[in-house]
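Trainee: Below are the sequence and a predicted model for it; my questions follow.
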Amino acid sequence: MAKDKILSAKLKQQEFKTKSTQLKTQKIAQLLEPQFQQSVEIDDERPLLKISNFKDYLPEENVQNIINLKLKQGPYKLSVTPQTTYLAGESGHIATFNWRHKQLECEFDVKEKCYDIVSIAQRNFAVAQKSCIYIYDPKGVEVHKIRECKQATKLEYLPYHFLLAALNQNGQLTYQDITQGKIISTYRTTPSPLCLKQNHNNAILGIGDQMGVVRMYAPNTGTSLTSMLCHKGGLMSMTFSRDGNHLITSGSEGTIKVWDLRTQKLQSQIGVNATNLALSDKGVLAAGRGTDIVMWKNCLIGDLKTPYLRYKASSMICDIDFIKHEDYLSMSTFDSYEQTVVPESGEPFFDTYEQPDLQNKKQRLETNVKQLIEKLPPESISLQSYRIGTIDRTSKIIIEKEQKKQIEEQASKKIKKQKKKMRGRNKIGKREKLKELERDQKQQVKWQEMLSDALRVKRAEKEKKKIETKILDRLEQMSSKEFIRVVS
Amino acid sequence: MVKFNTICRSGQERSTNADITKVYRNPNPKVHPLAHAREYQRALVATKVEKIYAQPFLGALNGHSDGVSCIEACRFNLSKLVSGSYDGEIRIWDIPSRRTLIQLNAHQQMVKGVSFSRDGMRIVSSGEDKTINLYDFPQLLEQSNNTFQDPLMRYLSKGTLGNVDHNYQLSQFATAGQVVQVWDYERPKPIMKFQWGVDSVSCVKYSPADSNLICGTSMDRCVILYDVRAESAIHKVAMLNKSQCLAWNPIEPLNIVIGNDDSNCYTYDIRKIELPTMIHKDHISAVMSVAFSSSGREFVSGSFDRTIRIFPFNKGFSREVYHGQRMQQVNSVSFSADAQFVYSGSNDMNIRIWKVNASQKVGIINQRETNATNYRQALKEKFKYNPEIKRIAKHRHLPKYLMNKKKQRQEMKESKNRKQRNAELNNPGQYEAPKPEKQQRIEQFIQ
């Protein structure tokens, strides 16, 4: 009893401590919030709809980052970080450049079709090409060639687990560890996948398919963790909110739906057709179709009735993405790369230890090492990531069962090898005899299995015959009755 | 009027290289994805890293030509250590340079006890040849090459002697032996004698708070408390086995720790000496020597089973165990005055220096490193009940003979408990409930 009292008192103390420190840090953070934002005032009463309305009033830095780059070779796939953009053209043109300092980092031609591009570990980037997946240096030098994932069309990178996930057109999903080069798991997901997106809060992958179903996957389990029927048509695209509580999907029947992931229920919807979706830090949703992009503010809290901004790109849009911690929306089209300002879409107050892209060189070198040391094991990925480190509240019986299973598995794995002794009891002749005995035993087991199989087949046949005879009897009876009726 | 904010990061970069780089923190959990998993991983890595950097052995002081019987670290000066050996030799060491400052052939037979005076200027030593030597440290340093130096004073005792302990305040010291004797510097004969029963007392220690209280452990398995002002003993308690050593808690001077021959250490409150307040169980053989740290939170015990263990003052099991391949039976242990190092003198003629916190870095640590270590410590504290982390943190490598002995003891204990339980279940009413273990160890309390 005394021990419980002490323990409960300690736990209470700890709870109180954590709560009070949370409140304190929030207060201090509010006081010490750095001024990264500039406020802009416009005399107009109309709501902001087009960037031309307020472009003149924007501070110079934002105007400088409005980019419109003309590119030549085919529709481009996009991946953006707070420092660089990665572009992969369908005909093989790959380019990376720092959009902040307007510097080209690398540009080269691969001469085969590229399906997707994603940045890995803040330095390298992976391109899913027709033959296989290649990983390149920041300078464009080919570093790795991943042959195991065949004809991958979609790539996703889980940063804290160092896992590269590749999805095939047939639905084969492969998880590969970047640090070791090992394939963690591969399995079939759906036969007709349309889009792949990562829930950054959970490290869970969501795959949408032609049937309008979204399924969630983790590297441990070969089957989906949950699935939601979202749309009547196929799922064109989807995004997760950054706290992992909301999912926004767009279907080919022309609706965009906002789902609450904790209850898996529909929150709001709007009848707008969209082929590309992107969600910013603060909840600004951008939906692109054709050359138009429509943006809504507060889509997670409020409804999607009045749009916030509209944008018209110069050609058909392939990929759109908001830049983290910035107020820019970047998009890659058939023949250009464009960037526009979307005010109040990014989170201005970043955390230096979370954003290696916004650190200076020395800090980044440190984080490289620290991230590797703190690499999370892929077995820890689950839907409820907050449960790690908390008390396991499953019943004792289930825990004991699992432990027994584990012990049995380990015992079965250990195959005891006979020690090789040259002198004494364990001579060579005796060892050979023992080996023969083992072989005989194995054969016996095999024969027994075969016999039992044969027996099973026989029994099945017997039962079949029985059933057949029964049916035949009944038919005879029936036919005889009818005959009687007919006759009479 | 339409008002909105846009993000401008132009003022973020520092203007000159001499400026510090600013670090921005946002405590909003939305900015920290997978926070729980990452924190758990960091705690796991912290415990593993602690095990990697756990190198407690710092060095050895060698020079004695026979087993070391007693050592004491100076409370005043961090670099001095005095040790006595079985062949009557006393050495005073300079620990940072690991060399002997002064070497003395003090006694004809074994040195039973050495003690520094509080200011580190005087050294008292008692030998099996019934003599007590008092040395003056500055005088010794002048003639450091003469090993046959005469002591400042030499006292002769009528009966055999045990260990010696110097008074904290006055120029007096107490010796154990056939009778407990209190000596003054100026008198050739003891100013006070205590005797209760016929058995000799093996160890005496002055109380750090009140220099009128002396506690001793005697050969008739007793722990006795003496009062100098009343010139008599107060009370004693008899146990099942005899105790070899004694230490007072310097911060809570009403508590003493004794090391017993049944391989346990017992903490007693001297006001209520009939029952021990705590039993510290982890050793396998007799505990030869106990010493408290100056923080009063930990004590170290050296035992006959060739290990030393560090116990927290209020827990029943040891926090840390140190053993060496070549370290034989540990005769005496001592804490350094700053509670960072432990010294152990053993039968293999060496005095070994160990760190108290095995993975702590020795030397100057800069601010960033201390911040990182504090963070890691907080993480380990938070996750210390987690089974995976607990398993890693608790793991200590023990030599084979210790592991086997430990397992044997565990088996014996379990079988005893099992038999008792079975007997109680199957013969209801016949068997009494066993006494609590603390009571089991006490035989008698005498006023």
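Mentor: Cool, got the structure. Here the structure is a predicted model, which means the values were calculated and not measured. Residues are numbered from 1 along each chain as shown, chains lettered A, B, ... in the order given.

Trainee: how much space between the residue of the stretch 101-250 of chain B found nearest chain A and B:Ser332?
Mentor: Closest residue of the stretch 101-250 of chain B to chain A, CB to the nearest CB: B:Asn249 (21.4 Å). The way it works is simple: take the backbone N, C-alpha and C, and place the C-beta from them, glycine included. Computed with CB to CB, to the nearest Å, the distance linking B:Asn249 and B:Ser332 is 19 Å.

Trainee: out of the two, which sits in the busier spot?
Mentor: B:Ser332 (25 against 20; other CB atoms under 10 Å in any protein chain shown).

Trainee: wait, what's in contact with that one?
Mentor: Neighbour list for B:Ser332: B:Val68, B:Ser69, B:Cys70, B:Ile71, B:Met288, B:Ser289, B:Gly302, B:Ser344, B:Gly345 [criterion: CB atoms under 8 Å, 6 or more residues apart in numbering or on different chains].

Trainee: Show me the residues you listed that map onto strands.
Mentor: Among those, the ones falling in strands (DSSP state E) are B:Val68, B:Ser69, B:Cys70, B:Ile71, B:Met288, B:Ser289, B:Gly302, B:Ser344, B:Gly345.

Trainee: Of those residues, which qualify as buried by neighbour count?
Mentor: B:Val68, B:Ser69, B:Cys70, B:Ile71, B:Met288, B:Ser289, B:Gly302, B:Ser344, B:Gly345 (16 or more other CB atoms under 10 Å in any protein chain shown).

Trainee: Between these, which sits nearest B:Met1?
Mentor: B:Ser344 (79.6 Å; CB to CB).

Trainee: For the closest one, list each beta-bridge partner.
Mentor: For B:Ser344, the beta-bridge partners are B:Val333, B:Arg352 (DSSP bridges).

Trainee: List the residues that contact it.
Mentor: Residues B:Ile71, B:Gly302, B:Ile308, B:Tyr322, B:Met327, B:Val330, B:Ser332, B:Val333, B:Ser334, B:Ile351, B:Arg352, B:Trp354 are the ones in contact with B:Ser344 under the rule CB under 8 Å, 6+ apart.

Trainee: For residue 155, list the residues it contacts.
Mentor: This is for chain A. The contact partners of A:Leu155, taken as CB under 8 Å, 6+ apart, are A:Asp116, A:Ile117, A:Val118, A:Ala126, A:Ala128, A:Ile133, A:Leu164, A:Ala165, A:Ala166, A:Leu167, A:Leu196.

Trainee: Correction: the question concerned chain B.
Mentor: Here B:Tyr155 is in contact with B:Thr131, B:Ile132, B:Asn133, B:Leu134, B:Trp183, B:Pro188 (CB under 8 Å, 6+ apart).

Trainee: For those, work out which two are farthest apart.
Mentor: B:Asn133 and B:Pro188 (13.2 Å).

Trainee: Just want to know which of the two has more residues nearby.
Mentor: Counting neighbours by other CB under 10 Å for B:Asn133 and for B:Pro188 shows that B:Asn133 has the greater number, 23 against 10.

Trainee: That one: helix or strand, and which one exactly?
Mentor: Under the criterion of DSSP states H and E, B:Asn133 resides in strand B:131-136.

Trainee: and if you look at A:Ala126?
Mentor: strand A:124-129.

Trainee: burial measure for A:Ala70, as a count.
Mentor: I think there's a mix-up here, since residue A:70 is Lys and not Ala. 10.

Trainee: again, but for A:Cys132
Mentor: Neighbours around A:Cys132, by other CB under 10 Å: 17.

Trainee: I'd like the distance between the nearest residue to it once chain neighbours are set aside and chain B.
Mentor: Nearest residue to A:Cys132 in three dimensions, chain neighbours excluded: A:Arg147, at 5.0 Å (CB to CB, 6 or more residues apart in numbering or on different chains). Here the criterion is CB to the nearest CB, to the nearest Å. By it, A:Arg147 lies 30 Å from chain B.

Trainee: Alpha carbons only: can I get the strand holding A:Ala126 in PDB?
Mentor: Extracted in PDB, the C-alpha atoms of strand A:124-129 (Å, rounded to 0.1, in the frame of the first residue of the first chain):
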ATOM      1  CA  ASN A 124      19.900  13.700 -52.300                       C
ATOM      2  CA  PHE A 125      16.900  13.100 -54.400                       C
ATOM      3  CA  ALA A 126      15.300  10.000 -55.800                       C
ATOM      4  CA  VAL A 127      13.700   9.800 -59.300                       C
ATOM      5  CA  ALA A 128      11.400   7.000 -60.300                       C
ATOM      6  CA  GLN A 129      12.400   6.300 -63.900                       C
END
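
Trainee: ok, which stretches of the stretch 1-150 of chain B are strands?
Mentor: B:2-7, B:57-62, B:68-73, B:80-85, B:89-94, B:99-105, B:111-116, B:122-127, B:131-136 (DSSP state E, counting those that start in this stretch).

Trainee: and those strands, which one's lowest on average pLDDT?
Mentor: Note on the strands of the stretch 1-150 of chain B: lowest mean pLDDT is at strand B:2-7, with a mean of 83.

Trainee: Sheet partners, orientation included, of that strand?
Mentor: strand A:37-42 (antiparallel).

Trainee: tell me which element the residue positioned nearest the centre of chain A falls in.
Mentor: With distances taken as CA atoms, centre = their mean, the residue of chain A nearest its centroid is A:Leu205 (2.3 Å). Assessed by DSSP H and E, A:Leu205 sits inside strand A:204-209.

Trainee: cool, A:Tyr311 as well?
Mentor: Here A:Tyr311 sits within strand A:309-312, counting by DSSP H and E.

Trainee: and that strand with chain B, contact?
Mentor: No - with CB under 8 Å from any CB of the partner chain as the criterion, chain B is not reached by strand A:309-312; the gap is at least 10.9 Å.

Trainee: just the CA coordinates of that strand, formatted as PDB?
Mentor: Output in PDB follows, covering the C-alpha atoms of strand A:309-312 (Å, rounded to 0.1, in the frame of the first residue of the first chain):
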ATOM      1  CA  LEU A 309      -7.800  33.300 -54.000                       C
ATOM      2  CA  ARG A 310      -7.800  32.300 -57.600                       C
ATOM      3  CA  TYR A 311      -4.900  31.700 -59.900                       C
ATOM      4  CA  LYS A 312      -4.500  31.000 -63.600                       C
END
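
Trainee: where's stretch A:128-136 relative to the chain centroid, distance-wise?
Mentor: For stretch A:128-136, the separation from the chain centroid amounts to 19 Å (computed by CA atoms, centre = their mean, to the nearest Å).

Trainee: residues of it that come out buried?
Mentor: A:Ala128, A:Gln129, A:Cys132, A:Ile133, A:Tyr134, A:Ile135, A:Tyr136.

Trainee: These: which two are farthest apart?
Mentor: A:Cys132 and A:Tyr136 (13.1 Å).

Trainee: List the contacts of residue 225.
Mentor: I'll assume chain A. When contacts are taken as CB under 8 Å, 6+ apart, A:Leu225 is in contact with A:Ile204, A:Arg215, A:Met216, A:Tyr217, A:Ala218, A:Ser382, A:Leu383.

Trainee: you looked at the wrong chain, it should be chain B
Mentor: Taking CB under 8 Å, 6+ apart, one finds B:Leu213, B:Ile214, B:Cys215, B:Ala233, B:Ile234, B:His235, B:Lys236, B:Ile270, B:Ile273 in contact with B:Leu225.

Trainee: and the residue nearest to it when sequence neighbours are not counted, what is it in contact with?
Mentor: Nearest residue to B:Leu225, sequence neighbours excluded (CB to CB, 6+ apart): B:Ile234, at 4.5 Å. Counting by CB under 8 Å, 6+ apart, B:Ile234 touches B:Leu225, B:Tyr226, B:Asp227.

Trainee: Now render the residues you listed as CSV, adding secondary structure and pLDDT.
Mentor: Shown next, in CSV, are the contacts of B:Ile234 (DSSP: H, G, I helix; E, B strand; the rest coil; pLDDT from 0 to 100):
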residue, secondary structure, pLDDT
B:Leu225, strand, 92
B:Tyr226, strand, 92
B:Asp227, strand, 91
